[in-house]
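[1] Turn this into a structure:
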Amino acid sequence: HPMRLRAPMVGRAFAVALGALLALAHPAAAESGGLTLWPLYSRHTDPTDGAVETRALGPLVWHRAGRTEVTYGLRPLLAGRDAREEDTAEVAILSPLAGYRRQARSRDFSVLRLLTWREEAPADGGEPATEFTLFPLLFSRSGGEEAGYGGLLPFYVHLRDRLGFDEAEAVLFPLYARTASAGRETRHVLFPFFAAYGGEGRRGFKAWPLYGEEEAPGRLERRFVLWPFYQAQRTGLDTDAPQEARLLLPFYAGIRSPSRQYTSILPPFFGYTADSQARSEQWDILWPLGQVERGEGRDVVRAFPLYGHALRRTTEDRFVLWPLYAVSTDVQPEERRAHQRVLLILFQDETAARADGTVVERRVDLWPLLTYRRDRDGATRLHALSVIEPIMRSDVGATDLYGPLVHLFAYHAAPGGGWVASVLWDL
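    Residues are numbered from 1 along each chain as shown. Sure, this is the predicted structure:
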């Protein structure tokens, strides 16, 4: 199939090369699945998930074959993932610098999200659509069911469904530009200084920052004078919840709607908000440093960075001498989750417990010394040193690629009692 990525072939090449090294070194061990020839080669089965992991040259080259996916790579250059059930494959190059991803009907490549290439095939098997972008200079789309577009800034560009607009066009930018969304059109001359508004009964103009006005009779009115010092707008005039906002810097800011009243004197020094829908009142002093909020299911006190406490229905947040200590809690009927932090990443303790207090999941990070994790199924993992994991907790690709480079000790234990340990990358 023309849309298939060659990434799985790369993963199989890693497996074949490492398997050949094993077979040459010790044929019997190759059959049994366990051998260590430090630092050239090691192979073991992770008892936590049954995956077979093969390494060469310490932590630099690896191949891990699990039940549902295969990962492989050459640290710190690249890492790959082939998920059979999801029919996806990924390759990260110096994550997060560059990456390649293949899905059932699409594939894409990007470098820092500035240079991007994407190809997507329609469900009926027709001609695939191809997009290429070198942001913010070069744009191109061809093929597929929709009309193509493209261009090279600042000379000429014509886009569809990009940059948040239904349509965008520019000639000798910033000399001339036009954008359109939901029937509303804006034409710019010497962007962003001069513009004219039209479409959907909308009219107006601006000569920024001196003066601007926009009106859609019965729906909205906007005006500014010497932006940002005076701004006024009325929106939602054709709805049951119209809103009026005015800003006169540095003296006054106000928002009025049927459910919410906000007034600020010398913003951001003093502010007051009354929200009838949320049934709450809020007082601000030097927003966002000082705040008090009272209401139904709400209790907030903040004097940043000295102390803060916020209770909002099921969530509770507290800090003392931020960033010295902070804790966040989310309480649901069947589970309570808590995340404590000391100096942001120096120490973190995240737990999930049942209503009776039984801890079902826990993770502890002590940067840069160790990371401990116990999953819901009872599997346990301990890594030391741990430099990357506490910093990039949610970036699984980066932690898999860079973390093992400094794991002087690793311990994985299964719920049933099986375990595997590694010292100095399987010494």
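[2] ranges for the strands of the stretch 1-150 of the chain?
    35-37, 41-45, 52-56, 61-65, 69-74, 78-83, 88-93, 98-102, 106-111, 115-120, 129-134, 138-143, 149-152 (DSSP state E, counting those that start in this stretch).
[3] possible to save those as a markdown table with distance to residue 231, mean neighbour count and mean pLDDT?
    The way it works is simple: take the backbone N, C-alpha and C, and place the C-beta from them, glycine included. Shown next, in a markdown table, are the strands of the stretch 1-150 of the chain (distance: least, C-beta to C-beta, whole Å; neighbours: other C-beta atoms under 10 Å; pLDDT from 0 to 100):
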| stretch | distance to residue 231 | mean neighbour count | mean pLDDT |
| --- | --- | --- | --- |
| strand 35-37 | 69 | 16 | 74 |
| strand 41-45 | 65 | 21 | 86 |
| strand 52-56 | 60 | 21 | 90 |
| strand 61-65 | 56 | 21 | 92 |
| strand 69-74 | 52 | 22 | 92 |
| strand 78-83 | 49 | 21 | 91 |
| strand 88-93 | 44 | 21 | 92 |
| strand 98-102 | 41 | 19 | 93 |
| strand 106-111 | 38 | 17 | 95 |
| strand 115-120 | 36 | 16 | 94 |
| strand 129-134 | 34 | 17 | 94 |
| strand 138-143 | 33 | 17 | 92 |
| strand 149-152 | 33 | 16 | 94 |
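[4] Let's have those in a markdown table, adding distance to residue 252.
    Putting the strands of the stretch 1-150 of the chain into a markdown table (distance: least, C-beta to C-beta, whole Å) gives the following:
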| stretch | distance to residue 252 |
| --- | --- |
| strand 35-37 | 73 |
| strand 41-45 | 68 |
| strand 52-56 | 64 |
| strand 61-65 | 61 |
| strand 69-74 | 58 |
| strand 78-83 | 54 |
| strand 88-93 | 51 |
| strand 98-102 | 48 |
| strand 106-111 | 45 |
| strand 115-120 | 45 |
| strand 129-134 | 43 |
| strand 138-143 | 43 |
| strand 149-152 | 44 |
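[5] Give the buried residues for stretch 418-427.
    420, 422, 425-426 (16 or more other C-beta atoms under 10 Å).
[6] between these, which is nearest residue 142?
    residue 425 (47.5 Å; C-beta to C-beta).
[7] quick one: that closest one from residue 73, how far?
    14 Å (C-beta to C-beta, to the nearest Å).
[8] again, but for residue 281
    In terms of C-beta to C-beta, residue 281 sits 54 Å off from residue 73.
[9] quick one: the helices in the chain?
    7-25, 27-32, 396-402 (DSSP state H).
[10] Any idea which of those has the lowest pLDDT on average?
    Mean pLDDT per stretch puts helix 27-32 lowest among those, at a mean of 38.
[11] re earlier: okay if I get the buried residues of stretch 418-427 as a markdown table plus pLDDT?
    Output for the buried residues of stretch 418-427, formatted as a markdown table (pLDDT from 0 to 100):
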| residue | pLDDT |
| --- | --- |
| 420 | 86 |
| 422 | 85 |
| 425 | 81 |
| 426 | 72 |
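[12] Put together a markdown table for these, with distance to residue 54 on each row.
    Shown next, in a markdown table, are those (distance: C-beta to C-beta, whole Å):
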| residue | distance to residue 54 |
| --- | --- |
| 420 | 13 |
| 422 | 13 |
| 425 | 13 |
| 426 | 11 |
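[13] quick check, nearest of the residues you listed to residue 80?
    Checking the buried residues of stretch 418-427 against residue 80 with C-beta to C-beta, the nearest one is residue 425 at 19.9 Å.
[14] Phi and psi next, for that closest one.
    phi 60, psi 50 (degrees, to the nearest 10).
[15] I figured it was touching residue 55, is that so?
    Yes - counting by C-beta atoms under 8 Å, residue 425 touches residue 55, with 6.9 Å between them.
[16] overlap in contacts of those two?
    Taking C-beta atoms under 8 Å, 6 or more residues apart in numbering as the criterion, residue 425 and residue 55 both touch residue 42.
[17] got any ranges where the protein has weak pLDDT?
    For the chain, the stretches flagged by pLDDT under 70 are 1-35, 427.
[18] Give me the buried stretch members for stretch 175-189, please.
    For stretch 175-189, using 16+ other C-beta under 10 Å, the buried residues are 177-180, 184-188.
[19] same deal with stretch 277-291?
    Judged by neighbour count using 16+ other C-beta under 10 Å, the buried positions of stretch 277-291 are 278, 280, 282, 284, 287, 290-291.
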